[in-house]
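Trainee: Build me a model from this:
(4 chains)
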Number of protein chains: 2
Amino acid sequence: MNLLADPVPGLSRYAALASALHARIAAGEWPGGTALPAEAVLATELGVALGTLRRALELLAAQGLIERRHGRGTFVRSGLGGAPMLRFFRFGERAGEVPASRILARQVLAAPADAARALGLEAGAPALRLRRLRSLGGAPRLLEELWLPLPLCAALAEGETAAWPDLLYPFLAERCGVHVARATDDIAFATLTAAQARTLGLASGHPCALVTRRAFDLTGRCVEWRQTRGDAQAFHYTVTIT
Amino acid sequence: MNLLADPVPGLSRYAALASALHARIAAGEWPGGTALPAEAVLATELGVALGTLRRALELLAAQGLIERRHGRGTFVRSGLGGAPMLRFFRFGERAGEVPASRILARQVLAAPADAARALGLEAGAPALRLRRLRSLGGAPRLLEELWLPLPLCAALAEGETAAWPDLLYPFLAERCGVHVARATDDIAFATLTAAQARTLGLASGHPCALVTRRAFDLTGRCVEWRQTRGDAQAFHYTVTIT
DNA sequence: AAGTGGTCTAGACCACTCT
DNA sequence: GAGTGGTCTAGACCACTTG
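Mentor: Next up, the predicted model:
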């Protein structure tokens, strides 16, 4: 486990450290909610200086994988408290409110061209498709179609979907060891098909906002292609440009 | 300028350093685009260790105030670059294409509530209102209503508008010394009034994308409130979330 | 009081960029 | 080759949390 003896080419030591720790966390060595060994212990064990280890931990903390608490320790974030990527959307909900999620359908299908290209799959390769309805106070608001690559997300293809949590990304981390680190949203305008409108309780041809998301993990691999539709009149999206 | 002799209570040294450097940059000591002194020089001058100064610079870089380039130096960012609005918008133009701008109207009026609140003005205080039409290949695409605070932007209230350049922010920097450093966009969908539709060559009630922008300078002061409308069906907005 | 992460230092060496 | 930022070290001390 000593990285002094085995420097990783093309990667700084703290980056290599972060990657190694990431792998050990993903492998379940420290389950969610538990504390990592103290900095000094870890640094000795890994054969690096304290400051170098700290840079690695800061990286992981910035990625949301761990949480550092002054005076207490460094904790692995559990799937429940993960990063809500919905914080940029507003579809009528109050800030911080998380819509309830219900899986309408789950199938393994040949990915359509758009999804396959985004996910880096061969055209027609099998992928996991989810349809999800998100509601506020019992009223349906958002209709989502998600495509996830296989076999990476195969663990989601089995088991009862009724008990799934409202947020996908923490669940994806827990079940598949896939940590979403970055995403791009493309916002456009469209109209609802008859079937989509029925699910959302709106009229066929009703104007909708169409948000197409590509989510990426730490290595830059695309791990999700998603289209979200909701009533255009209730839609708000806020962005900060720097 | 020695912070060893004067520790700021309740603030780490690197945070105090960052704050002090921020103030000096905002005061114009190092204009946009110029390089700061080398780390070693700055550290000596400020009486702190190199590592401490580096932490301060990392903070400022994370805020987007400066930009660090390995082997070259640390540079003050000169506000938002080239065509920031169009970095994220696409209304049918090719990437990097800048629409031609024409000022339709310029007036000093009492700011409406939304604009006054955003700009930090008293309700009903006078502000500069611009209506601007942006076109591609002669075809009108975007209709903009801009509110700028007075007296800050008084220099724009005079002179011939026909000769104004296509991009506002560089012009704002040149004429008024106002450097836009950050902005937030709120994206929503609406319908065009009859007058708006006429200007854009669309039907009254046609669906439009409505982008409300607040632009801020280095000190965090809001220097622009803008609403942009364009055909919803040609609209795309792309965001990266990290 | 003991253990944790947070800050700060002083110095070494590496990698990148320009001349 | 000279100058820049990037990495790494080893050690000191501080601030917070818990028993």
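Trainee: so residue A:128 bridges to which residues?
Mentor: residue A:108, residue A:148 (DSSP bridges).
Trainee: Next, the contact list for it, please.
Mentor: Applying CB atoms under 8 Å, 6 or more residues apart in numbering or on different chains to residue A:128 gives the contacts A:106-108, A:147-150, A:153-154, A:156-157. Any C-beta I mention is one placed from the backbone N, CA and C, and that applies to glycine too.
Trainee: of those residues, buried ones?
Mentor: Burial by neighbour count, 16 or more other CB atoms under 10 Å in any protein chain shown: within these this picks out A:106, A:147-150, A:153, A:156.
Trainee: How about the residues of chain A by DNA strand D?
Mentor: A:4, A:12-15, A:48-52, A:55, A:69-72 (CB under 7 Å from any atom of the strand).
Trainee: and of the contacts of residue A:128, the nearest to DNA strand D?
Mentor: residue A:149 (30.0 Å; CB to the nearest atom of the strand).
Trainee: and the closest one, what is it in contact with?
Mentor: Here residue A:149 is in contact with A:119-121, A:127-128, A:222-223 (CB under 8 Å, 6+ apart).
Trainee: Which ones among those residues map onto strands?
Mentor: Those of those mapping onto strands are A:127-128, A:222-223, per DSSP state E.
Trainee: from those, which is closest to residue B:98?
Mentor: Of all the ones in strands among the contacts of residue A:149, residue B:98 sits closest to residue A:222, with 30.6 Å by CB to CB.
Trainee: show me what contacts that closest one?
Mentor: A:118-120, A:149, A:214-216.
Trainee: ok, now how distant is it from residue A:127?
Mentor: Separation of residue A:222 from residue A:127 (CB to CB, to the nearest Å) stands at 11 Å.
Trainee: any shared contact partners between those two?
Mentor: With CB under 8 Å, 6+ apart as the test, residue A:222 and residue A:127 both reach A:119, A:149.
Trainee: Save the ones in strands among the contacts of residue A:149 as JSON lines, and put in distance to residue A:31 and pLDDT too.
Mentor: JSON lines is the format used below for the ones in strands among the contacts of residue A:149 (distance: CB to CB, whole Å; pLDDT from 0 to 100):
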{"residue": "A:127", "distance to residue A:31": "29", "pLDDT": "96"}
{"residue": "A:128", "distance to residue A:31": "25", "pLDDT": "97"}
{"residue": "A:222", "distance to residue A:31": "27", "pLDDT": "93"}
{"residue": "A:223", "distance to residue A:31": "22", "pLDDT": "93"}
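Trainee: Pull the most distant pair out of those residues.
Mentor: It's A:128 and A:222 that sit farthest apart of these, by CB to CB, at 13.8 Å.
Trainee: Quick one: mean pLDDT over the helix or strand containing residue A:114.
Mentor: Residue A:114 is part of helix A:113-119, with elements assigned from DSSP states H and E. Average pLDDT, helix A:113-119: 94.
Trainee: Please point out which parts of it sit buried.
Mentor: Neighbour count says helix A:113-119 has A:115-116, A:118-119 buried, by 16+ other CB under 10 Å.
Trainee: quick revisit: closest to residue B:206 out of the residues of chain A next to DNA strand D?
Mentor: With CB to CB as the yardstick, the closest approach to residue B:206 among the residues of chain A next to DNA strand D comes from residue A:15, at 50.8 Å.
Trainee: from what I can see that closest one touches residue A:56, true?
Mentor: Yes: taking CB atoms under 8 Å as the definition, residue A:15 is a contact partner of residue A:56 at 7.5 Å.
Trainee: Which one of these two is surrounded by more residues?
Mentor: Neighbour tally, residue A:15 and residue A:56, criterion other CB atoms under 10 Å in any protein chain shown: the higher count belongs to residue A:56, 25 against 14.
Trainee: give me every residue that touches the more buried one.
Mentor: Here residue A:56 is in contact with A:14-15, A:17-18, A:21 (CB under 8 Å, 6+ apart).
Trainee: what about the helix or strand hosting it, distance to the chain center?
Mentor: Here residue A:56 sits within helix A:50-62, counting by DSSP H and E. With CA atoms, centre = their mean, to the nearest Å as the basis, helix A:50-62 stands 22 Å off its chain's centre.
Trainee: Report the mean confidence score over that helix.
Mentor: On average, helix A:50-62 scores 93.
Trainee: ditto for stretch A:31-44
Mentor: pLDDT averaged over stretch A:31-44 gives 91.
Trainee: Other residues contacting that stretch?
Mentor: Contact with stretch A:31-44 is made by A:21, A:30, A:45, A:49-50, A:52-54, A:57, A:66, A:72-80, A:174, as judged by CB under 8 Å, 6+ apart.
Trainee: again, only this time at 10 Å
Mentor: A:17, A:21, A:24-25, A:29-30, A:45-46, A:48-54, A:56-57, A:60, A:66-69, A:72-82, A:170, A:173-174 (CB atoms under 10 Å, 6 or more residues apart in numbering or on different chains).
Trainee: Would you mind listing which of the residues you listed are buried?
Mentor: A:17, A:21, A:25, A:30, A:46, A:48, A:52-54, A:56-57, A:60, A:66-67, A:74-77, A:79, A:82, A:170, A:173-174.
Trainee: ok, which stretches of chain A are strands?
Mentor: Using DSSP E, strands in chain A cover A:66-69, A:73-76, A:89-90, A:100-110, A:126-136, A:139-149, A:180-191, A:207-217, A:222-231, A:236-241.
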